[in-house]
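>>> could you work out the structure for the sequence below:
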Amino acid sequence: MSLIILLSTIFFIRQPRKTARGYHLIHRVFSYGAGGASAYQPGYSGPSGEHVVPGFVTGYATTAIEEDMAETYAYLMTTTYYHHLQTWQVSDVILANKVNYLIQFISKISPEMSADYFNAINR
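Numbering: from 1, shown residues only. Okay, the predicted model is just below:
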């Protein structure tokens, strides 16, 4: 991993509020849960698994906007998950918009991390 990609990843992870400003507008009608930590509490009854809620890559992503962005980013960076993401985006316009938003946000920080970059690393 190049230094610029590593630094971009760190910046993205450390700037959830800045990233979330536009991201939350994509999914306005959804009310996130009590945060990622809530998913590890006894009695948690939220969704689990992959793409069980439209607009989200995992049930865990529904717990908080920062978890949603982190989970979606992880799917962009992991080949097997990336291919799932590509399939889901065909019929899930909210998820497709979130992915496009993240790629645009990331490529403003690190131009080499464009949509072409994610396609290339996930062949």
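>>> quick one: buried residues of the longest helix seen in the chain?
Criterion DSSP state H: the longest helix present in the chain is helix 93-109. Buried residues in helix 93-109, counted by 16 or more other C-beta atoms under 10 Å: Ile94, Leu95, Ala96, Asn97, Lys98, Val99, Tyr101, Leu102, Ile103, Phe105, Ile106, Ser107. Every C-beta, even on glycine, is put in place using the N, C-alpha and C of the backbone.
>>> which of those residues sit farthest apart?
Using C-beta to C-beta, the pair of the buried residues of helix 93-109 lying farthest apart is Ile94 and Ser107, separated by 20.6 Å.
>>> low-confidence ranges in the protein?
Residues of the chain meeting the criterion pLDDT under 70: 1-21.
>>> could you rerun that using 80?
Across the chain, the ranges flagged by pLDDT under 80 are 1-25, 27-29.
>>> can you put the buried residues of helix 93-109 in TSV and add distance to Arg28?
As requested, those are exported to TSV (distance: C-beta to C-beta, whole Å):
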residue	distance to Arg28
Ile94	10
Leu95	15
Ala96	16
Asn97	11
Lys98	12
Val99	17
Tyr101	13
Leu102	17
Ile103	20
Phe105	18
Ile106	22
Ser107	24
